[in-house]
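Trainee: predicted model and sequence below, questions to follow.
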Amino acid sequence: MPVAYIDIDSLLLNYKYSIDINEVLTRYYENSQAKLTEQWRKFQTEAEDFQRKVDTQTFANRERAESEAQRLAKKQEDLQKLGAQYSQEFEEKQISMREKLRQILNLHLKEYNNSKGYHFIYGKFGDNMLYSNEIYNITTEVLDYLNQRYADDPSLKPTD
């Protein structure tokens, strides 16, 4: 019975589509974190300004100080919600892109296997295989096939 295996770690590190997905996800994460950090900096400036006014008793009356404190508390809560929203959006994007990667891998492995005739193609991930003979390792061959298919089909390019 013809069998083979693919080293998943190597596949994910060297498959150009996987590399591009990671770059898109990294940019997405960094952009959302930059936006959130900027919002927190503005909030911090406002909070420090508020504290100076409290310390110097600059507010016209107590109600005005309480109103400003409530506004800042609401803004802080909104920023915490925004951070949670960004995290959730990132997680959803990550799940979606990894699912698309899985679908593409399955499709291309079926195409690849049409001419190879393997009954099983296992995925070796970390140390999940107790023993594997290198003659059954088709990782390099599959990577070449996948990267060529990716290069030939610009519609596969992930978008931000």
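Mentor: Thanks, I have it. Numbers count the residues shown, from 1 in each chain.

Trainee: what about the helices in the chain?
Mentor: In the chain, the helices defined using DSSP state H lie at 8-14, 16-55, 62-114, 139-152.

Trainee: nearest to Gly126 among those would be which one?
Mentor: Taking CB to CB, helix 8-14 is the member of the helices of the chain nearest to Gly126, at 6.9 Å. (Each C-beta comes from the backbone N, C-alpha and C, glycine too.)

Trainee: could I get the helices of the chain as a markdown table with mean neighbour count?
Mentor: Converted to a markdown table, the helices of the chain look like this (neighbours: other CB atoms under 10 Å):
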| stretch | mean neighbour count |
| --- | --- |
| helix 8-14 | 15 |
| helix 16-55 | 14 |
| helix 62-114 | 13 |
| helix 139-152 | 16 |
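
Trainee: mind putting those helices into CSV with mean pLDDT?
Mentor: Below are those laid out as CSV (pLDDT from 0 to 100):
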stretch, mean pLDDT
helix 8-14, 96
helix 16-55, 96
helix 62-114, 96
helix 139-152, 96
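
Trainee: turn these into CSV, including distance to Asn133.
Mentor: Below are those laid out as CSV (distance: least, CB to CB, whole Å):
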stretch, distance to Asn133
helix 8-14, 16
helix 16-55, 26
helix 62-114, 19
helix 139-152, 13
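
Trainee: nearest to Tyr122, out of those?
Mentor: Ranking those by their distance to Tyr122 (criterion: CB to CB) puts helix 8-14 first, at 9.6 Å.

Trainee: by contact count, what packs against that closest one?
Mentor: With contacts defined as 3 or more CB pairs under 8 Å, 6 or more residues apart in numbering; DSSP states H and E, the packing partners of helix 8-14 are helix 16-55, helix 139-152.

Trainee: I'd like the ones you listed laid out as TSV, including distance to Leu79.
Mentor: Putting the helices and strands packed on helix 8-14 into TSV (distance: least, CB to CB, whole Å) gives the following:
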stretch	distance to Leu79
helix 16-55	6
helix 139-152	39
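
Trainee: tell me which of the ones you listed lies nearest to Gly123.
Mentor: Among those, helix 139-152 comes nearest to Gly123, with 9.9 Å by CB to CB.
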